[in-house]
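1. any chance you could fold what I've pasted below:
(chains A and B)
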Amino acid sequence: MTTLKGRRRFLKTGAGVSLLAGAVPVARSHDASDPMARSAYGARSTYDKSERVSDAGSNCSFASDCNTLTPLQDLHGIITPPPLHFNSAHGAFPPDINPDEFTLYIHGLVNRPLKFSLAELKRLPFISRIMHMECEANYPHTHQDTTVQHTHGKVSCSEWTGVPLSVIMEECGVKPDGKWIICEGMDRDRHSKSIPLSSAMDGILAYGQNGAPLMPHQGFPLRIVIPGAGGFSNVKWLHRIKVTDEPYLTPSERFSKPFSVKSVITFPSGGQQLQGRGYYTISGMAWSGHGAIKTVDVSTDGGNTWQQAKLEDPVLSKAISRFSLKWEWDGSETVLKSRALDDAGNIQPTPEEVAARIGGTVDEVKRNKVRSPDTQWNMIFPWRVKTDGSVHNDLWT
Amino acid sequence: MRPYMILIATVVFVTTLGTAQAQSYGLGTIPTETELSALDTLVDNQGKLLPNGQGTAVEGAPMFAQRCAMCHGANGEGTQTPAGSGPQLIASSPDTSEAIRSGKYYFATTLWSFIYRAMPLHQERTLTVDQAYALTAYLLYRNNIIDENEVMNQRTLPEVTMPGHEKWKLPSGDSS
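-> Numbers count the residues shown, from 1 in each chain, chains lettered A, B, ... in the order given. This is a model prediction of the structure:
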């Protein structure tokens, strides 16, 4: 205490002297606008400017809720910092929910409808699982999609902590004809999603994300997270689960096609600038809605030859895996690509392979104008490195 | 009673509990019917859960002008404003992809449910049951799906066949 008081006195004196002298204060102030002063909740370096952006071409000003994309080019490892987690807006601003007044209701085709406070939910058995989450619309849309943030930024990966849905379902006792759950959020339009109970039972009613409470945009205080499911199913601000015998449709209701295996190189990637010929460590991300990544191959010559990349631990099922490859750039123009394989045997296809399989021209499948009936867009993605070291989206040339 | 008999009795007791699916942790409380019915407003596709009430397009027209047109346009053509956008609701032609004639609404009950639960923007859940029926009837009429004087209620609304209905397909068990 003495030390603190002494320090405060010193600060006051220091500020006073500085003001009298008309000089810049030498001691750091406790001004809340000074980021370094906010040490109770750590602030990042003022030099770290990484941030989410909205969809290319949208005039979203963040004044209303809008889609935001994760800056994959700035991330290391496999975890997305919660403030940089992508957000797909379907309603308005996140509801402002007091966790002390929050209640989760479970009812419908159950033997025992129940409601839980957040404090009660936190007393139940919990699990933590690292899982990626991907929006169904995570593919390049326009020529303005120049960076990996724009082409692939609707995927993020977090350690989610909460109560297994199976625990809650056992507490309530699902009746034999209970085959679906409808999860409802507290957002303005009461976003609701029907999910087959069989595919939701691996789900977590999550209150924790990377060790912290969920952020408001990620569903504070509770959301459901289902491994490998489309982002749309992971209902945020979850306050009600109704067990039913069939889906109840909402206008926004859609049923996702499975996400197959996918990868992308994040360094070097679009919009970045290489410093000249020499050594670089190529870095990228791979993930699959069907399981764990088995191998990733990288081509530094436009797909003529492939080398197996190094997979960094941990390599987890239905989570992002980090890969890297040593690369000596000789300064000539080239195209970098990655190709992932998962442990279910799925391999990332070329646009030509997709076009041959489902019909449509190569250009149409690249642009997702002709869509695969059974998987989300997951093609091998090319970055062109020019002789001046600039890097460009080479999907559409 | 011998120890093994106690064991058997215990097993039988626990098994019986198991089939009744007893709670394991004793947490949570049983919500009242009143609590649940206030929350449980999402209507099933066949409309079994539709509440009692009614409305017609004639009644819905002035409500649309008053409560909906500022975002969706006087003729339901949709608007884009700095404050937000209102999607097109009334088809300009039968093959438009931007209105309720499209495949987004497989069931007329979905339209009622969304209006009642999520509209109007910033005044959600302020419409009465009858108003939601009247506005639903108005949009169905303006999209050439029902007649102007057809009464929409919990019996007639589920009988309306939406233009996109044939596209409805129950997803396979593992999709989500």
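
2. the helices in chain A, which residues?
-> Taking DSSP state H, the helices of chain A run over residues A:2-21, A:118-123, A:148-152, A:165-172, A:197-200, A:351-358, A:362-366.

3. oh sorry, the question was meant for chain B
-> Going by DSSP H, chain B shows helices at B:3-19, B:33-39, B:57-67, B:69-72, B:108-118, B:129-142.

4. average pLDDT for the first one, rounded please.
-> Rounded to a whole number, the mean pLDDT of helix B:3-19 is 46.

5. same check on the shortest one?
-> Confidence for helix B:69-72, expressed as mean pLDDT, is 90.

6. any bit of it sitting next to chain A?
-> No. Applying Cβ under 8 Å from any Cβ of the partner chain, one finds helix B:69-72 out of contact with chain A, separated by at least 12.6 Å. Where you see a C-beta, it was placed from the backbone N, CA and C, and this is true even at glycine.

7. can you tell me what sits against that helix?
-> With Cβ atoms under 8 Å, 6 or more residues apart in numbering or on different chains as the test, helix B:69-72 has contacts from B:64, B:76, B:78-79, B:81, B:84-89, B:120-121.

8. chain B contacts on the stretch 251-397 of chain A?
-> Counting by Cβ under 8 Å from any Cβ, the stretch 251-397 of chain A sits next to chain B at A:251, A:253, A:255-258.

9. farthest pair in these?
-> Maximum pairwise distance among these (Cβ to Cβ): 23.3 Å, between A:251 and A:258.

10. can you give me the end-to-end span of stretch B:91-101?
-> One end of stretch B:91-101 sits 7 Å from the other (Cα to Cα, to the nearest Å).

11. one more: stretch B:88-101?
-> Stretch B:88-101: ends 11 Å apart by Cα to Cα.

12. over to stretch A:108-119?
-> Stretch A:108-119 has an end-to-end distance of 23 Å (Cα to Cα).

13. ok, the residue in the stretch 101-250 of chain A that chain B sits nearest to to residue A:245 distance?
-> Of all residues in the stretch 101-250 of chain A, residue A:173 sits closest to chain B, at 3.3 Å by Cβ to the nearest Cβ. Residue A:173 is 16 Å from residue A:245, where distance means Cβ to Cβ, to the nearest Å.

14. same thing with residue A:213?
-> 35 Å.

15. can you check residue A:264 too?
-> From residue A:264 over to residue A:245 (counting by Cβ to Cβ), the distance is 41 Å.

16. the more surrounded of the two?
-> residue A:264 (22 against 13; other Cβ atoms under 10 Å in any protein chain shown).

17. and the more buried one, what is it in contact with?
-> Residue A:264 touches A:72, A:148, A:151-152, A:284-285, A:338, A:381, counting by Cβ under 8 Å, 6+ apart.

18. can you get me the start-to-end distance on stretch A:225-239?
-> End-to-end distance of stretch A:225-239 (Cα to Cα): 14 Å.

19. how many other residues sit next to residue A:271?
-> 16.

20. does it really touch residue A:151, like I thought?
-> No. Counting by Cβ atoms under 8 Å, residue A:271 stays clear of residue A:151, with 10.5 Å between them.

21. what do those two both touch?
-> In terms of Cβ under 8 Å, 6+ apart, residue A:271 and residue A:151 are not both contacted by any residue.

22. and the residue of the stretch 251-397 of chain A found nearest chain B, what's its pLDDT?
-> For the stretch 251-397 of chain A and chain B, the shortest gap (Cβ to the nearest Cβ) falls at residue A:255, measuring 3.8 Å. As predicted, residue A:255 sits at a pLDDT of 71.

23. count of neighbours near it?
-> When neighbours are counted by other Cβ under 10 Å, residue A:255 registers 18.

24. how close does it get to residue B:169?
-> 9 Å.

25. residue A:386 contacts residue A:392, correct?
-> Yes. Using Cβ under 8 Å, residue A:386 is in contact with residue A:392, at 6.9 Å.

26. which of the two has more neighbours?
-> Taking neighbours as other Cβ under 10 Å, residue A:386 and residue A:392 compare with residue A:392 leading, 18 against 12.

27. ok, the closest residue in space to the more buried one that isn't next to it in sequence - contacts?
-> In this structure, residue A:392 finds its nearest non-sequential neighbour in residue A:384, 4.7 Å apart by Cβ to Cβ, 6 or more residues apart in numbering or on different chains. Shown in contact with residue A:384 (Cβ under 8 Å, 6+ apart): A:333-335, A:391-394, A:397.

28. how about 6 Å then?
-> A:335, A:392, A:394 (Cβ atoms under 6 Å, 6 or more residues apart in numbering or on different chains).

29. kindly report the same for residue A:237.
-> Counting by Cβ under 6 Å, 6+ apart, residue A:237 has contacts A:95, A:185-187, A:219.

30. need the pLDDT of residue 100.
-> Going with chain A. At residue A:100, pLDDT is 98.

31. wrong chain, I was asking about chain B
-> 79.

32. now residue A:90
-> Value listed for residue A:90 in the pLDDT field: 67.

33. in the stretch 1-150 of chain A, which spans are strands?
-> Assigned strands in the stretch 1-150 of chain A, in chain order: A:53-54, A:68-69, A:103-108, A:114-117, A:127-134 (criterion: DSSP state E, counting those that start in this stretch).

34. same thing with the stretch 201-350 of chain A?
-> Here the stretch 201-350 of chain A has its strands, by DSSP E, counting those that start in this stretch, at A:204-209, A:212-213, A:223-225, A:238-244, A:261-267, A:278-288, A:293-299, A:307-308, A:310-312, A:321-329, A:334-342.

35. partner strands of the fourth one, parallel or antiparallel?
-> Looking at strand A:238-244 with DSSP bridges, its partner strands are strand A:103-108 (parallel), strand A:180-185 (antiparallel).

36. okay, these in TSV with distance to residue B:68 and mean neighbour count next?
-> Shown next, in TSV, are these (distance: least, Cβ to Cβ, whole Å; neighbours: other Cβ atoms under 10 Å in any protein chain shown):
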stretch	distance to residue B:68	mean neighbour count
strand A:103-108	30	21
strand A:180-185	23	24
